[in-house]
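1. Based on what follows, work out the 3D shape:
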Amino acid sequence: MENEDKKSGLSKIELLNERLSLTLAFSKRYQRSMAVCYLRLHLPVELSKNKDDEMKTVLASKILTRLHHTLRDIDTVISVNRTDFVLLIADITEHDCQVICERIIQSISDTYTIDFHHFLVSSTMGICMYPYGSESPVELQTLAKMQMYEAEEIGENEIAFYSGGLNSSSYRKVLIENDLPYALKKEKLYVLYQPQYGLEQKKIIGAEALIRWNHPSLGEISPVEFISYAEEAGMLTSLFFWVFKEVCKNISSQNLRSIKYSINLSVNQLLLDSLIPRVAKILERYKVNATQITLEITENIEIYTTKTVNEKLHSLREMGFTIALDDFGNGYFSFSDLIKLPLDFIKLDREFVFSLLKNKQHRGVISPIIQMAHNLGLQVIIEGIEDKNQFNEWLMLDCDIIQGYFIRKPISFQDLTDSVNEIEESVWAD
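-> Numbers count the residues shown, from 1 in each chain. Sure, this is the predicted structure:
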């Protein structure tokens, strides 16, 4: 099926829609049943973290081969991405479909050996039958995907048939996954900014750019929720460049005094050969200086120690960007690791901060961490500060920058521009 995709020049989605329409037309004409099956693989953690794309490609090829061997010639298998497949099983009863799908799960949920590495793959599948589920190609796919989430809730290597009921949780997941690409394409997302307050300067010296999505039917969706879908769908890079462009557009539109704007930069982007040329092009387009932007990276020792990524971070720093390490204390980063990276700030992990402050005996750990950061020439950012008492505690601990609801909740760029002075005055108000 993959070869036919390339020969036809159709995208995977276009090929899927074409095949589904043909199979559905055949089923309607000859009054036969058919099944749309949505299959998701669950890769082992060690492979998910591994950035060896060739290894993942080989695994996908092995799985696709097993799928073809399990199905009949009249059936269709199309890969949506490296973990998701849609199967179209023609002229089948529900009972026989269940037998075939259980055989598929048993066939692909197994151990795979690639370059002397052994990987155990599990899977789940959702199934929607025509004509019992729907006569609409779009609805058949959507319902099958919803049932895949139902199967996930049951456990590993499970299948679930659509039987007429809708699980609200599964419906929400599918709606978010299906609508996120459209929201990005049509610019339905937006950016808010959370001010960062410099304790020494006693003023707002920065703001973190935070992506938001107000879904037309679901309302506000937490980034924690939709970013995970973006990662599964391979959309993180598109989201990063969209946010980067929006921040640059906002900076160029206002003559706000010089503050730094923080943007999250994930490992996905650091692995891109095109990262630096693309950000340079956006900076040039909006006449923004890189010194106005801080790139926040998350803890990932393995990837930062690779030569190409480390060199890329140094190149970004040379362009004028400042670099912050987010969520310090959440992983396994040590201060010896920090010396190897071109960092300007470390951001203490929120849960790490809260757990230490809850136990007075642990507070003695915080000062040495801050002092050691200062000795390395790094400034320390504390986020999640929600009230005056927390603010005063961190003030005494000699950190550098405070961020949280006590300073201000995330606000629009215009509100940030209009209220900088008011925010600064409110910090020290009784």
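
2. mind checking the SS state of Glu208?
-> When classified by DSSP: H, G, I helix; E, B strand; the rest coil, Glu208 comes out as strand.

3. Spatially nearest residue to Asp110, not counting backbone neighbours?
-> Val121 (6.8 Å; C-beta to C-beta, 6 or more residues apart in numbering). Heads up, the C-betas are built off the backbone N, CA and C, glycines and all.

4. and if you look at Tyr149?
-> Tyr149 sits nearest to Ser170 (C-beta to C-beta, 6+ apart), 3.9 Å away.

5. same question, Ile154
-> Closest residue to Ile154 apart from its sequence neighbours, by C-beta to C-beta, 6+ apart: Ala160 at 6.7 Å.

6. residue contacts, the one you found?
-> 124-127, 147-148, 150-151, 154 (C-beta atoms under 8 Å, 6 or more residues apart in numbering).

7. Which of the residues you listed fall in strands?
-> Those of the contacts of Ala160 mapping onto strands are 124-127, per DSSP state E.

8. pLDDT and distance to Leu16 for these - can I get that in TSV?
-> Output for the ones in strands among the contacts of Ala160, formatted as TSV (pLDDT from 0 to 100; distance: C-beta to C-beta, whole Å):
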residue	pLDDT	distance to Leu16
Thr124	95	19
Met125	96	16
Gly126	95	15
Ile127	94	16
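
9. where does the stretch 151-300 of the chain have low pLDDT?
-> Flagging of the stretch 151-300 of the chain using pLDDT under 70 yields the residue ranges 165-167, 255-257, 299-300.

10. now the strands for it?
-> Ranges of strands in the stretch 151-300 of the chain, per DSSP state E, counting those that start in this stretch, are 158-161, 189-198, 203-215, 219-221, 260-264, 293-298.

11. Please state the offset of the longest one from the chain centre?
-> Centre-to-centre, strand 203-215 and its host chain are 17 Å apart (C-alpha atoms, centre = their mean, to the nearest Å).

12. swap in the fourth one?
-> Per C-alpha atoms, centre = their mean, the displacement of strand 219-221 from the mean C-alpha position of its chain is 17 Å.

13. before we move on, back to that, was I right to think the residue nearest to Asp110 contacts Leu43?
-> Yes: counting by C-beta atoms under 8 Å, Val121 does reach Leu43; the two are 6.3 Å apart.

14. Give me the common contacts of those two.
-> By C-beta under 8 Å, 6+ apart, the residues touching both Val121 and Leu43 are Leu59.

15. picking up where we left off before, for the contacts of Ala160, which two are the farthest from each other?
-> Ile127 and Ile154 (13.2 Å; C-beta to C-beta).

16. Which of the two has more residues huddled nearby?
-> Ile127 (26 against 11; other C-beta atoms under 10 Å).

17. Tell me who's in contact with that one.
-> 35-38, 97, 101, 144, 147, 159-162.

18. rerun at 7 Å
-> Contacts for Ile127 (C-beta atoms under 7 Å, 6 or more residues apart in numbering) come out as 35, 37, 97, 101, 144, 147, 159, 161-162.
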